[in-house]
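>>> Any chance you could fold what I've pasted below:
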Amino acid sequence: MENRTLKDYAIIGLKGVAMGAADSVPGVSGGTIALIAGIYQELINTIGNIDTSIFTTWKEHGFQTMWKEMNGNFLIALIGGILLSLMTVMRLASYLLEHQPILIWSFFFGLVLASIWFVGKKVEKWNFGTVAVFIIGAAVAYFLTTLPAASASDSWWYLLICGSLAVCAMILPGISGAFILVLLGAYEQITKAAEEFVFWKLGLVALGAIVGLLSFSKVLKWLFKHYENITLAVLTGFITGSLAKIWPWKKVLENKTLKDGSQKVINDTPVLPSSFDGEPRLWAAIGLILAGFLLIFGLEALANIKPKKNGTDQD
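Sure thing, here's the model as predicted:
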């Protein structure tokens, strides 16, 4: 087969940037973006194919054969885009979540809302079984949004676990890796480490992420191969249940005072938008919901720009 061109990998890198941007916001899943952008199953298959046999291939056939077998160029382009986005967009996301929470949540609410339609239409046949697992998936995701945040820790094993669990959520459409970090109490710590380039913390999180990714991707690969319709229905439910977390208008129920004197929201509940007088940004929020909704169609168009496949076995 023909190799992908530099333009193809640039497009994959842009999709990685979009995934990283989504994963930097608690409640939004990079896996959803990957599914919409048309690279989800290739990503799962590629990661799922990585095991100790690649070292045998390297020894017997050389590095180039091993690299091609593991779809290395695809991974480098995608991961490069994700890391670039996390190192840049995460700073902006942190600022907006602190200073303009309604506006940023509005944009992502529209994006996730459209994602339900997009992923749901991939289910070939809706029947009792697919509807049942859809409801279960939605209930599980909603339950996760109601859990209180835990306390953070600096221990190495804690950071390893955070990385492992977050990356498993990251590649599941509808389950946000950043939100899992919030539940574990590690979101602010890891965000700050990324902002201040605390490499030992980032390294431990990355190591945990690699272990979690290599193991969990094999499960997903098997599910898509044997139960694709059911799996897509569950993922549609996950995305639907996550809407409660990213509803823009929330009433704060409980705050926690941090060491620097600032307040951190640890419990809130969705409420209806305020009146026009009480919420002057209402129209801006509605416009951003629409913008996020329409962005999905742009990502779908980007997904239709099909990069050429290399010789990697994607079965």
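>>> Every contact and neighbour count from this point should use C-alpha atoms.
Will do.
>>> Please report the distance of Ile289 from Gly110.
Distance of Ile289 to Gly110, computed by CA to CA, to the nearest Å: 4 Å.
>>> can you check Trp247 too?
10 Å.
>>> same thing with Gly120?
For Gly120 relative to Gly110 (CA to CA), the value is 16 Å.
>>> Looking at the two, which one has more neighbours?
Each of Gly120 and Gly110 has its neighbours counted (other CA atoms under 10 Å); Gly110 has more, 25 against 21.
>>> What strand or helix carries the more buried one?
Using DSSP states H and E, the element containing Gly110 is helix 101-120.
>>> Kindly report the same for Ala22.
helix 6-23.
>>> Name the residues that touch the next helix-or-strand element following that helix?
Beyond helix 6-23 on the C-terminal side, the first helix or strand identified by DSSP H and E is helix 30-36. Contacting residues not belonging to helix 30-36 are listed as 15, 18-23, 40-41, 115, 118-119, 170-177, 239, 296, 299-300, 303 [CA atoms under 8 Å, 6 or more residues apart in numbering].
>>> just to revisit the earlier point, in the helix holding Gly110, which residues are buried?
Using 16 or more other CA atoms under 10 Å as the test for burial, helix 101-120 gives 101-116, 118-120.
>>> Please apply the same query to stretch 213-226.
In stretch 213-226, counting by 16+ other CA under 10 Å, buried: 213-218, 220-221, 224.
>>> would you turn the residues you listed into JSON lines with secondary structure?
Output for the buried residues of stretch 213-226, formatted as JSON lines (DSSP: H, G, I helix; E, B strand; the rest coil):
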{"residue": "Leu213", "secondary structure": "helix"}
{"residue": "Leu214", "secondary structure": "helix"}
{"residue": "Ser215", "secondary structure": "helix"}
{"residue": "Phe216", "secondary structure": "helix"}
{"residue": "Ser217", "secondary structure": "helix"}
{"residue": "Lys218", "secondary structure": "helix"}
{"residue": "Leu220", "secondary structure": "helix"}
{"residue": "Lys221", "secondary structure": "helix"}
{"residue": "Phe224", "secondary structure": "helix"}
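>>> What's the first helix or strand after the helix or strand Met66 falls within?
Taking DSSP H and E as the definition, Met66 sits inside helix 63-69. Per DSSP H and E, the first helix or strand lying C-terminal to helix 63-69 is helix 72-99.
>>> average pLDDT for that next one?
Averaging pLDDT along helix 72-99 yields 82.
>>> now do stretch 156-174
For stretch 156-174, the per-residue pLDDT averages 81.
>>> Please apply the same query to stretch 228-244.
Per-residue pLDDT values across stretch 228-244 average out to 88.
>>> If you count neighbours, what's buried in it?
228-244.
>>> next one: stretch 9-25
Neighbour counts over stretch 9-25 (16+ other CA under 10 Å) mark 9, 11-25 as buried.
>>> pull the CA atoms of that stretch into PDB?
What follows is stretch 9-25, C-alpha atoms only, in PDB (Å, rounded to 0.1, in the frame of the first residue of the first chain):
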ATOM      1  CA  TYR A   9       0.200  13.300   8.900                       C
ATOM      2  CA  ALA A  10      -0.500  17.100   9.400                       C
ATOM      3  CA  ILE A  11      -4.200  16.300   9.300                       C
ATOM      4  CA  ILE A  12      -3.700  13.600  11.900                       C
ATOM      5  CA  GLY A  13      -1.700  16.000  14.000                       C
ATOM      6  CA  LEU A  14      -4.600  18.500  13.900                       C
ATOM      7  CA  LYS A  15      -7.000  15.800  15.000                       C
ATOM      8  CA  GLY A  16      -4.600  15.200  17.900                       C
ATOM      9  CA  VAL A  17      -4.700  18.900  18.800                       C
ATOM     10  CA  ALA A  18      -8.500  18.700  18.900                       C
ATOM     11  CA  MET A  19      -8.300  15.600  21.100                       C
ATOM     12  CA  GLY A  20      -5.900  17.300  23.500                       C
ATOM     13  CA  ALA A  21      -8.100  20.500  23.600                       C
ATOM     14  CA  ALA A  22     -11.100  18.300  24.600                       C
ATOM     15  CA  ASP A  23      -9.200  16.400  27.200                       C
ATOM     16  CA  SER A  24      -7.900  19.500  28.900                       C
ATOM     17  CA  VAL A  25     -11.500  20.300  30.000                       C
END
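>>> first vs last residue of stretch 65-80, how far apart are they?
22 Å.
>>> hmm, who's touching it?
Under CA under 8 Å, 6+ apart, the answer for stretch 65-80 is 9-10, 12-17, 43, 46-47, 49-50, 54-55, 57-58, 310-313.
>>> Could you list the low-pLDDT ranges of the stretch 201-315 of the chain?
254-267, 274-280, 299-300, 302-315 (pLDDT under 70).
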